[in-house]
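In: sharing a model that was predicted from the sequence below.
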Amino acid sequence: MIEPRWQDRWEAEQTFKAFNPGQVVPSTHPFGLRHGLAGQPATAAALPPKFYILDMFPYPSGAGLHVGHPEGYTATDILARFRRSQGRHVLHPMGWDAFGLPAEQYAIKTGQHPRVTTNANITNFKRQIRSLGFSYDWSREVDTTDTGYFRWTQWIFLQIYHSWFNPVTQRAEHISTLPYPADCTTEAQRRPYRDSKRLAYVSEAPVNWCPELGTVLANEEVIDGKSEVGGFAVIRRPMRQWMLRITAFAERLLTDLDTIDWSDSLKEMQRNWIGRSEGAEVDFTLDGHGERIRVFTTRPDTLFGATYMVLSPEHRLVKQITTDAQREAVEKYQTWAAGRSDLERTELAKEKTGVWTGAFAINPVNGQRIPVWIADYVLSTYGTGAIMAVPAHDERDFEFARKFDLPIVQVVQPPDAKTDWQGFCDEGTAVNSSGPDLSLDGLPTLEAKRTISTWLESRGLGKKTVNFKLRDWLFSRQRYWGEPFPIQWEPAADGSRHHAGIAESELPLLPPALDDYKPTADGQPPLARAADWVNLPGNVLRETNTMPQWAGSCWYYLRYLDARNGEAFASKEAESYWMSAAAAIPGNGPAPTPGVDLYVGGTEHAVLHLLYARFWHKILFDLGHVSTPEPFYKLVNQGLILGSDGQKMSKSRGNVVNPDDVLQEYGADAFRLYEMFMGPLSETKPWNTQGVEGVYRFLGRVWRVFVDEKSEAEFEQACAVDPSIGDQHLSKVKLSPAIADVPGEPAQLKALHASIKKVTEDLEGMRFNTAISAMMIFANDALNWPVKPAGALATFLQLLAPFSPHLAEELWERLHNHLGKPVPSLTYTPWPTFDPALLVEDSYELPVQVNGKLRDVLRVPNETTNAQLEALALAAEKAQPFLAGKTVRKVIVVPKRMVNIVVG
RNA sequence: GCCCGCGUGGCGGAAUUGGCAGACGCGCUAGAUUCAGGUUCUAGUGAGUAACAUCGUACAGGUUCAAGUCCUGUCGCGGGCACCA
């Protein structure tokens, strides 16, 4: 009943609006009144230190909000309100990641334009989010499918397209700084060279094609050979696709993880995905050919144990080196391997397959002739697509050698003599590793690696190398409901076509209107259906692929900074004010950090959104468009909320909890409180509706701390008679006559300040569950106070306000009215500080242990000396039976903590 | 298989540097209010005992005056990666 009233009030007052440098703060705005900025233009210098607190914006699905969404949103809202009260200038925005498959599939089925579906879903999401009382600045709302938004997504793509990665500076630079090789003189020669260096480039390589979805997918979107969305089969097939050169940034994406405050597990996931490994490339000459085969190995120290080589079936040299006798078998194997889907490949991973090419290579360290095989356990996309096989010390090579009866030679001695050397893959000591020019025998693995690397380099046979698992980002999709590429294909004199970026002045490039959203009959993307959109004068064609859903979410946190700017994605001033570090307000939390101060969301984006966004941000940083190398300084993952049966919530299990139902029954305040009281934010935890009941009771107790019992009882009776006019009755409820504007008793102040301390410290540490328990303890105590000091109650409401803002506002207003005082803004009233002096008592409880077991607890004055403590403990009544007849060997006194008597 | 994280009452979870295990809440038991149900209030609630004793933080060891916390091993659960040479 009281909740919509306050939501309307906040909206009318624009209570949570954040102001950009240069904007005028309205003269009545409570933020302006607090910070002396009312009615004045805010300058970056005059504005208080920023706090940018961000939620992962939702995809507005037709199903509406899930109880998982409000978990993170409540946490950030509590902190946003807390920081506002502490005097920070809080940026807390919300928006919609609205491109995506469901709206498009719905369009295919019904013909309804995805725009219509999307708008309806956004309306519903916004209603639900608003009803939870979150303090978003809605004036900065973004929608990735809005032309005013994706215009800048396209603009950023153009910046990427017009850039290359300079290996010397290790930075993205404009393509105009690209140096050309000496033999590259004409434009006809330079264009393909230039295009091969861009950060956005076209590739013909095999891609992850999902027939069911009718589109290609990025590596990050394929899980166990199936699509991340829907779980459909994915096959590899060569196609012409747009790629983004994220691999150029692999090293920086890895090392910069050390500069940001993310959980170890999340950093670890990114590290694993980037997959850096150090090793060496070694050249093997082919016996009887001029060709060389280059391999990558992390264990060059085992080179003497290489008894055969393996190429991936797709390796470019396979055709040349295969002998006539083996040709048929090799080609058959290649065909078979190419026809296998990713899924089959992983499922059958245990059984090794392969064929001998008939060729031999020479091991450069000992001159041995070793056979060259092809096998699909060697990946064409990693390293050089070829390996030297050391079956004695590599699990996969070992399996393969056993299956095909290839020689196994020990070259590493395990440190523990009992360990079998066959299949031993760890570090040890080199053995059997002597050749005409070199011996590694007796060297520990690490040294052996160094020695042989130096030797190889000095002979020009190899060099140290670093490899990454990370692949370039497949960036095009065959869909309608996505951003069209700002790219067109222009004809050349020889009849071929090349791509070119369209002019920035032509942005936004809108998608065409279509009646049918399916791909064309000949397998072209849906945009190809719009002939008059695709075909431009001069035989120029538009690109018909669209960008993946990730494009919009790669930079949305930047658009919030200046969401209505039509000249740029954000003004320089806004970007630099909100994204730069600054000084702290003493005693009021941490200093503003570079980038987003706190980002909260689920872990499902660990290697997708969070990697892509960091990548784009680094490009924008290199090009001078943003001022920090990393976008998200601190990141916290909320844990999953399970159904009450401890299983993942899903429609098929019937354990899904709908926030609307909870809200209807208990209200937003109780819902918010329960989401936070369940347990630590980052933990996985099951939903329990009885738990909601528990916090609902707590709010009821808070209410009864304040209101007059008699008028409350009358109110409840009146509601029972006619619930429809409940709010009329509610206004008649009076506050308790026990509330008086008097200073608190010492015990009352102690209770209050203990909870100020606990709530404040727990908010800093994001320990919401224990903060709530501290408030419960206070309310239980305050309920029994015969006289209730108004000041203490007001302060308590400030503590409660971030968690349950509606009830806090209501009681805050009534309390001030009750005292006949003006009502200050609860949002912008300075956060209370606790007085340590009020918490100190003059005595404390001293546990007395005998041999480590608790036997008695004494109350002793603070100033008791250690010697006195010892004497008191030895005399403790309940400890006596355990001391009788024993010798006291030692007494350990921990001042203010406990005493332990050791007897024997 | 590899890499992270986690195992505490009937349940969700508390426990600065090792220092009173089980805060707070749910549930349960008994009582009060009530015609009754609900609400609310009071008391109790790890096992065990008449009460003590004793046992108790996945299991088995270890370090320590003292271990949920530190060390070693085992088991279980969750997440990530998965033929990455």
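Out: Alright, I've got the coordinates. Numbering: from 1, shown residues only, chains lettered A, B, ... in the order given.

In: so what pairs up with A:I641 in the strands?
Out: A:I641 has these beta-bridge partners by DSSP bridges: A:K685.

In: next, count neighbours for it.
Out: Counted with other C-beta atoms under 10 Å, the neighbours of A:I641 add up to 22. Glycine gets a C-beta too; all of them are placed from N, C-alpha and C.

In: give me the residue from chain A nearest RNA strand B.
Out: Proximity of chain A to RNA strand B (C-beta to the nearest atom of the strand) peaks at A:G694, 2.6 Å away.

In: secondary structure element holding that residue?
Out: helix A:689-706 (DSSP states H and E).

In: and what of A:V902?
Out: Following DSSP H and E, one finds A:V902 within strand A:898-903.

In: give the rounded mean pLDDT of that strand.
Out: When pLDDT is averaged over strand A:898-903, the result is 89.

In: neighbours of the residue nearest to A:L303 when sequence neighbours are not counted, how many?
Out: Distance criterion C-beta to C-beta, 6 or more residues apart in numbering; nearest residue to A:L303, sequence neighbours excluded, is A:V365 at 5.1 Å. Around A:V365 there are 24 other residues, counting by other C-beta under 10 Å.

In: A:V365: what secondary structure?
Out: Per DSSP: H, G, I helix; E, B strand; the rest coil, the secondary structure class of A:V365 is coil.

In: which ones are touching it?
Out: Residues near A:V365 by C-beta atoms under 8 Å, 6 or more residues apart in numbering: A:L303, A:F304, A:S433, A:G435, A:L438, A:I452.

In: widest-spaced pair of these?
Out: A:G435 and A:I452 (10.3 Å; C-beta to C-beta).

In: and the two? which has more neighbours close in?
Out: A:I452 (26 against 16).

In: tell me which parts of the stretch 151-300 of chain A are close to RNA strand B?
Out: A:223-224, A:264-265, A:268-269, A:272-273, A:275, A:277, A:279, A:296-299 (C-beta under 7 Å from any atom of the strand).

In: tell me the one among those residues nearest to A:Y149.
Out: A:W273 (28.1 Å).

In: does the closest one touch A:H605 like I think?
Out: No - A:W273 is not in contact with A:H605 according to C-beta atoms under 8 Å; the separation is 11.9 Å.

In: give the buried residues for whichever strand or helix holds A:F671.
Out: Element membership for A:F671, per DSSP H and E: helix A:659-677. Buried residues in helix A:659-677, counted by 16 or more other C-beta atoms under 10 Å: A:659, A:662-663, A:666-677.

In: near RNA strand B, which of those show up?
Out: Restricting the buried residues of helix A:659-677 to those near RNA strand B - C-beta under 7 Å from any atom of the strand - leaves A:F677.

In: among the contacts of A:V365, which lie within helices?
Out: A:I452 (DSSP state H).

In: show me the contacts for A:L858.
Out: Applying C-beta under 8 Å, 6+ apart, we find A:L858 in contact with A:E845, A:L846, A:V848, A:L872, A:A873, A:A876.

In: so what does the residue lying closest to A:R369 once chain neighbours are set aside have for phi and psi?
Out: Leaving out its chain neighbours, the residue that sits closest to A:R369 by C-beta to C-beta, 6+ apart is A:F360, at 4.5 Å. When read as degrees, to the nearest 10, the backbone of A:F360 gives phi -130, psi 150.

In: just checking, A:F360 touches A:P371?
Out: Yes - contact criterion C-beta under 8 Å: A:F360 and A:P371 qualify, at 5.9 Å.

In: from the residues of the stretch 151-300 of chain A next to RNA strand B, which has minimum pLDDT?
Out: A:D224 (76).

In: the bottom helix or strand of chain A by mean pLDDT?
Out: helix A:726-730 (a mean of 64; mean pLDDT, DSSP states H and E).

In: on that earlier part again, top of the residues of the stretch 151-300 of chain A next to RNA strand B by neighbour count?
Out: Neighbour counts for these (other C-beta under 10 Å) peak at A:T297, which has 25 neighbours.

In: that residue pairs with what?
Out: Beta-bridge partners for A:T297, by DSSP bridges, are A:A280.

In: so which residues of the stretch 351-500 of chain A form helices?
Out: A:395-404, A:445-459 (DSSP state H, counting those that start in this stretch).

In: now mean pLDDT and distance to A:R84 too, for those helices, in TSV please.
Out: Shown next, in TSV, are those (pLDDT from 0 to 100; distance: least, C-beta to C-beta, whole Å):
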stretch	mean pLDDT	distance to A:R84
helix A:395-404	91	57
helix A:445-459	92	54
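
In: want to try JSON lines for those helices, with distance to RNA strand B as columns?
Out: Shown next, in JSON lines, are these (distance: least, C-beta to the nearest atom of the strand, whole Å):
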{"stretch": "helix A:395-404", "distance to RNA strand B": "4"}
{"stretch": "helix A:445-459", "distance to RNA strand B": "11"}
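
In: could I get the ones you listed in TSV, plus columns for distance to A:V310?
Out: TSV is the format used below for these (distance: least, C-beta to C-beta, whole Å):
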stretch	distance to A:V310
helix A:395-404	7
helix A:445-459	20
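
In: run through the stretch 651-800 of chain A and note the low-pLDDT ranges.
Out: For the stretch 651-800 of chain A, applying pLDDT under 70 flags the ranges A:716-729.

In: actually, chain A.
Out: Using pLDDT under 70, the flagged stretches of chain A are A:1, A:341-343, A:345-350, A:716-729.

In: domain parsing of it, as residue ranges.
Out: A:1-41, A:276-468, A:688-837, A:841-903 (automatic domain parsing).

In: where do the helices of the stretch 751-900 of chain A begin and end?
Out: Under DSSP H, counting those that start in this stretch, the stretch 751-900 of chain A gives helices at A:768-782, A:790-800, A:805-818, A:836-839, A:866-875, A:880-883.

In: could you dump those helices into CSV with mean neighbour count and distance to RNA strand B added?
Out: Below are the helices of the stretch 751-900 of chain A laid out as CSV (neighbours: other C-beta atoms under 10 Å; distance: least, C-beta to the nearest atom of the strand, whole Å):
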stretch, mean neighbour count, distance to RNA strand B
helix A:768-782, 19, 4
helix A:790-800, 22, 14
helix A:805-818, 21, 15
helix A:836-839, 12, 10
helix A:866-875, 16, 12
helix A:880-883, 14, 7
